[in-house]
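Visitor: mind folding the following:
(one chain, ligands or ions: 3)
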Amino acid sequence: MDQLGHLYHAHVTELNRRVAEITSRESIDGLIIHSGQYHRQFLDDLSYPFKVNPHFKAWLPLLDNPNCWIVANGVDKPTLIYFRPEDFWHKVSDVPEAFWTEHFTIKLLTKADRVAELLPQNTKAWAYIGEHLDVADVLGITSRNPDAVLNYLHFHRADKTHYELECLRRANQIAVKGHLAAKQAFYQGGSEFEIQQQYLSEIGQSENEVPYGNIIALNENAAILHYTALAHQSPAQRRSFLIDAGANYYGYAADITRTYAFEKTHFYDLIVAVNQLQLDIIDMMKPGVKYPDLHIETHVKLAQLLNTYGIAKGDVESLIDQGVTKAFFPHGLGHMLGLQVHDLGGFAHDERGTNIPAPEGHPFLRCTRTLAANQVLTIEPGFYIIDSLLNQLSPEAKSVIDWQQVDQLRPYGGIRIEDNVIVHQDRNENLTREQGLID
Ligand code: GLY
Ligand code: MN
Ligand code: MN
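Guide: Ligands and ions are numbered 1, 2, ... in the order given. This next block holds a predicted model:
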């Protein structure tokens, strides 16, 4: 058994402990966690790609099998109801035999609608955790995704087990290989589409397997924050390349961004500066630090950067107050990472789900938590030329900007540098850089 099998034992023990605690607190018998079902496309006999319930894949790396169930009360060995139909049309999943199987009582389900025969006889005091409330209805489970249970689980989602940390490390290891291949494809003249193919081929994952739609943006497309168009045509002139691309390992996500300049122009100097800014912010991470403070500090450092490069002149406070830094860096500094790219629980202040919203004026920040050991977060500062945001600035704010430089930078789009970081008690582990993506 490799190292992961050993770590998994403690992982599943911790999940059982959490279920035992919340079920006793809420006076319920346990959780019935549904992997999910296919969603049919409108007026079609085809389905969308299957995306498993994150509460299900928290238990085991089974990502592609709908109609499965985990029945857990935290005390007894959990049951896995494993869907294995008789079907000559589709590939039927093999009966599982892996490092995790010994931790479950496995029951095979051949017909999805016969699951009631394998569930607890009286499901009245059980809670359904999943997205198909109609299915819970048919099964007579009245408690569905109770807030108290979800709040508890989402709050603890931030506290990764060592198994989860290792999965995230491996997800980064895979994604880093893809990033290095994509960088090469950029310098060799690949189109956005070709770079994407290189990336996916290098990591050995399909578009449906990667944790989110990759952003592969050349030149001015780098300023479009959620650009996923993948042009087939190479631009006549190659200036810049922003790639935000991840990988999946046993259901855990990497989420990494790099920006490259084709030539060592002024834009290249700015990449180096944003890269340094990002490393400086990562150095500030430690248990007890509030994530929003890091976001605000990023604006301070960005204001300094704008001054240093003469992009905007003014004291730090006024560049922030006038919204100048926000026009160049409109998104949040980052988010929690794990089973989901934007892992749940980013605003959860406690087990009861007390929400701390993003600070005023920063609605796109996805995490307001106080850092603690074993949390995993992204740090992803950016700098973009987005005309619609710059145009909205007040005349006063506009007057401190060097528009000639803005015109010069516009064809390069923008810069984002994103790493995935584990906060340990005594140090930070930069998963992305330690796996070899240095700059
Ligand atoms: N790739 C999504 C994000 O960086 O949040
Ligand atoms: Mn990203
Ligand atoms: Mn991210």
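
Visitor: next one: the residue lying closest to residue 406 once chain neighbours are set aside relative to residue 413, how far apart?
Guide: Spatial nearest neighbour of residue 406, excluding adjacent residues (C-beta to C-beta, 6 or more residues apart in numbering): residue 385 at 5.9 Å. The way it works is simple: take the backbone N, C-alpha and C, and place the C-beta from them, glycine included. Separation of residue 385 from residue 413 (C-beta to C-beta, to the nearest Å) stands at 7 Å.

Visitor: likewise residue 379?
Guide: Taken as C-beta to C-beta, the span from residue 379 to residue 413 is 21 Å.

Visitor: make sure residue 28 is indeed in a strand.
Guide: No. Assigned with DSSP: H, G, I helix; E, B strand; the rest coil, residue 28 falls outside any strand and is coil.

Visitor: could you verify my assumption that it touches residue 126?
Guide: Yes. In this structure residue 28 lies within contact range of residue 126 using C-beta atoms under 8 Å: 6.4 Å.

Visitor: SS state for residue 256?
Guide: strand.

Visitor: which residues does it bridge with?
Guide: Beta bridges link residue 256 to residue 245, judged by DSSP bridges.

Visitor: which residues does it contact?
Guide: Residues in contact with residue 256 (C-beta atoms under 8 Å, 6 or more residues apart in numbering) are 172, 175, 176, 179, 244, 245, 246, 418, 419, 420, 432, 437.

Visitor: go on, residue 230?
Guide: Residue 230 is in contact with 192, 193, 196, 216, counting by C-beta under 8 Å, 6+ apart.

Visitor: tell me the pLDDT of it.
Guide: As predicted, residue 230 sits at a pLDDT of 96.

Visitor: please state the offset of the one helix or strand residue 149 maps to from the chain centre?
Guide: Using DSSP states H and E, residue 149 maps to helix 147-157. Centroid separation for helix 147-157 versus its chain: 18 Å, with C-alpha atoms, centre = their mean, to the nearest Å.

Visitor: what comes up buried for that helix?
Guide: The neighbour-count check on helix 147-157 (16 or more other C-beta atoms under 10 Å) flags 149, 150, 151, 152, 153, 154, 155, 156, 157 as buried.

Visitor: stretch 421-431: which residues count as buried?
Guide: 421, 422, 423, 428, 430, 431.

Visitor: now pLDDT, secondary structure and distance to residue 262 too, for those residues, in TSV please.
Guide: Formatted as TSV, the buried residues of stretch 421-431 follow (pLDDT from 0 to 100; DSSP: H, G, I helix; E, B strand; the rest coil; distance: C-beta to C-beta, whole Å):
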residue	pLDDT	secondary structure	distance to residue 262
421	98	strand	29
422	98	strand	33
423	98	strand	35
428	98	strand	32
430	98	strand	26
431	98	helix	28
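
Visitor: can you report how many residues neighbour the residue nearest to residue 406?
Guide: Per other C-beta atoms under 10 Å, the neighbour tally for residue 385 reads 23.

Visitor: mind listing what whatever residue of the stretch 51-200 of the chain ends up closest to ligand 1 touches?
Guide: Closest contact between the stretch 51-200 of the chain and ligand 1, by C-beta to the nearest ligand atom, is at residue 175 (11.0 Å). Residues near residue 175 by C-beta under 8 Å, 6+ apart: 203, 245, 246, 247, 254, 256, 432.

Visitor: including pLDDT and distance to residue 137, could those go into a markdown table?
Guide: Rendered in a markdown table, the data for these read as follows (pLDDT from 0 to 100; distance: C-beta to C-beta, whole Å):
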| residue | pLDDT | distance to residue 137 |
| --- | --- | --- |
| 203 | 98 | 40 |
| 245 | 98 | 40 |
| 246 | 98 | 35 |
| 247 | 98 | 37 |
| 254 | 98 | 37 |
| 256 | 98 | 41 |
| 432 | 98 | 44 |
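
Visitor: residue 413 is in contact with residue 382, correct?
Guide: No. Residue 382 is not in contact with residue 413 according to C-beta under 8 Å; the separation is 10.5 Å.

Visitor: quick revisit: nearest to residue 45, of the contacts of residue 256?
Guide: Distance ranking of the contacts of residue 256 against residue 45, using C-beta to C-beta, places residue 246 first at 31.1 Å.

Visitor: just give me the residue right at the centre of the chain.
Guide: Nearest to the mean C-alpha position of the chain, by C-alpha atoms, centre = their mean, lies residue 341 at 1.2 Å.

Visitor: just checking, which of the contacts of residue 256 belong to helices?
Guide: Judged by DSSP state H, the contacts of residue 256 include 172, 175, 176, 179, 432 as members of helices.

Visitor: leaving out chain neighbours, which residue sits closest to the last one?
Guide: Put plainly, it is residue 432. Using C-beta to C-beta, 6+ apart, the closest residue to residue 432 is residue 419 (4.0 Å).

Visitor: and that neighbour, how many neighbours does it have?
Guide: 27.

Visitor: if we can go back for a sec, any idea of the mean pLDDT in the helix holding residue 149?
Guide: On average, helix 147-157 scores 98.

Visitor: ditto for stretch 373-385
Guide: The model assigns stretch 373-385 a mean pLDDT of 98.

Visitor: does that stretch come close to ligand 2?
Guide: No. On the criterion C-beta under 5 Å from the ion, stretch 373-385 is out of touch with ligand 2, staying 6.1 Å away.

Visitor: circling back: could you dump the contacts of residue 230 to CSV with pLDDT?
Guide: Listed next are these as CSV, based on pLDDT from 0 to 100:
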residue, pLDDT
192, 98
193, 98
196, 98
216, 98
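
Visitor: out of the residues you listed, who's nearest residue 96?
Guide: Taking those together and measuring to residue 96 by C-beta to C-beta, the closest member is residue 196, at 31.9 Å.

Visitor: for stretch 351-367, list the C-alpha coordinates in PDB.
Guide: Output in PDB follows, covering the C-alpha atoms of stretch 351-367 (Å, rounded to 0.1, in the frame of the first residue of the first chain):
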ATOM      1  CA  GLU A 351     -19.500  25.400  13.000                       C
ATOM      2  CA  ARG A 352     -22.900  27.100  13.100                       C
ATOM      3  CA  GLY A 353     -22.300  28.800   9.800                       C
ATOM      4  CA  THR A 354     -21.900  32.300  11.100                       C
ATOM      5  CA  ASN A 355     -21.000  34.100   7.900                       C
ATOM      6  CA  ILE A 356     -18.400  36.800   7.600                       C
ATOM      7  CA  PRO A 357     -19.100  38.600   4.300                       C
ATOM      8  CA  ALA A 358     -16.400  40.000   2.100                       C
ATOM      9  CA  PRO A 359     -15.200  43.500   3.300                       C
ATOM     10  CA  GLU A 360     -17.100  46.500   1.900                       C
ATOM     11  CA  GLY A 361     -16.000  47.400  -1.500                       C
ATOM     12  CA  HIS A 362     -14.500  44.000  -2.200                       C
ATOM     13  CA  PRO A 363     -17.500  41.800  -3.100                       C
ATOM     14  CA  PHE A 364     -15.500  39.300  -5.100                       C
ATOM     15  CA  LEU A 365     -13.300  38.100  -2.300                       C
ATOM     16  CA  ARG A 366     -14.100  34.500  -1.700                       C
ATOM     17  CA  CYS A 367     -12.600  33.900   1.700                       C
END
